[in-house]
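In: Fold the following for me, if possible:
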Amino acid sequence: GIVDSDDLPLNVSRETLQQHKLIKIIKKKLVRKVLDMLKKIPDDEYLAFWKEYSTNIKLGVIEDPSNRSRWPSCCASTRRTGPT
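Out: The predicted structure follows:
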């Protein structure tokens, strides 16, 4: 997807961008938006999604302690009775 932000400078180095306050805000909002979107995926479509992206989602759970409590409702193990 595309993230548009007029507040970010046009010409930036990777180092500058990584330290920019707005990047932290954008990251926080994007993660919450993704979590909300995952909850809205119907179960029959979610299982196919889970098979494709479960590794990335599990990595996100490990790397994002601030949203760890929100992740279980998005994981396949809580959306069906079988193991992940």
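
In: Kindly provide the distance from Gly60 to Met37.
Out: Counting by CB to CB, to the nearest Å, the gap from Gly60 to Met37 is 13 Å. Just so you know, the C-beta spots here come from the backbone N, C-alpha and C atoms, and that holds for glycine as well.

In: who's more crowded, those two?
Out: The neighbour comparison of Gly60 against Met37 (other CB atoms under 10 Å) goes to Gly60, with 17 against 10.

In: Need the overlap of contacts for Gly60 and Met37.
Out: When CB atoms under 8 Å, 6 or more residues apart in numbering defines a contact, no residue borders Gly60 and Met37 alike.

In: Am I right that Arg32 is in contact with Trp71?
Out: No. In terms of CB atoms under 8 Å, Arg32 does not count as a neighbour of Trp71; the distance is 11.5 Å.

In: more neighbours, those two?
Out: Neighbours per residue (other CB under 10 Å) separate Arg32 from Trp71, with Trp71 holding more: 18 against 12.

In: just checking, the more buried one touches Val61?
Out: Yes. Here Trp71 reaches Val61: they are 4.7 Å apart, a contact under CB under 8 Å.

In: list residues touching both of the two?
Out: Common neighbours of Trp71 and Val61 are not found (criterion: CB under 8 Å, 6+ apart).

In: Do you know the pLDDT at Asn52?
Out: Heads up, residue 52 is Glu, not Asn. Glu52 is assigned 91 on the pLDDT scale.

In: likewise Thr55?
Out: Per-residue confidence at Thr55 stands at 90 (pLDDT).

In: Remind me which helix or strand it belongs to.
Out: Element membership of Thr55 [criterion: DSSP states H and E] is helix 43-63.

In: Using CSV, write down the CA coordinates of that helix.
Out: Extracted C-alpha coordinates of helix 43-63, given in CSV (Å, rounded to 0.1, in the frame of the first residue of the first chain):
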residue,chain,number,x,y,z
ASP,A,43,-12.8,-16.8,8.6
ASP,A,44,-13.0,-18.6,5.2
GLU,A,45,-10.7,-16.0,3.6
TYR,A,46,-8.5,-15.6,6.7
LEU,A,47,-7.2,-19.2,6.6
ALA,A,48,-5.8,-18.7,3.2
PHE,A,49,-4.3,-15.4,4.3
TRP,A,50,-2.9,-17.1,7.4
LYS,A,51,-1.2,-19.8,5.4
GLU,A,52,0.5,-17.1,3.2
TYR,A,53,1.5,-14.6,5.9
SER,A,54,1.7,-16.5,9.3
THR,A,55,5.5,-16.3,9.5
ASN,A,56,5.4,-12.5,9.0
ILE,A,57,2.6,-12.1,11.5
LYS,A,58,4.4,-14.2,14.1
LEU,A,59,7.5,-12.2,13.6
GLY,A,60,5.4,-9.0,14.1
VAL,A,61,4.2,-10.4,17.4
ILE,A,62,7.7,-11.0,18.6
GLU,A,63,9.0,-7.6,17.5
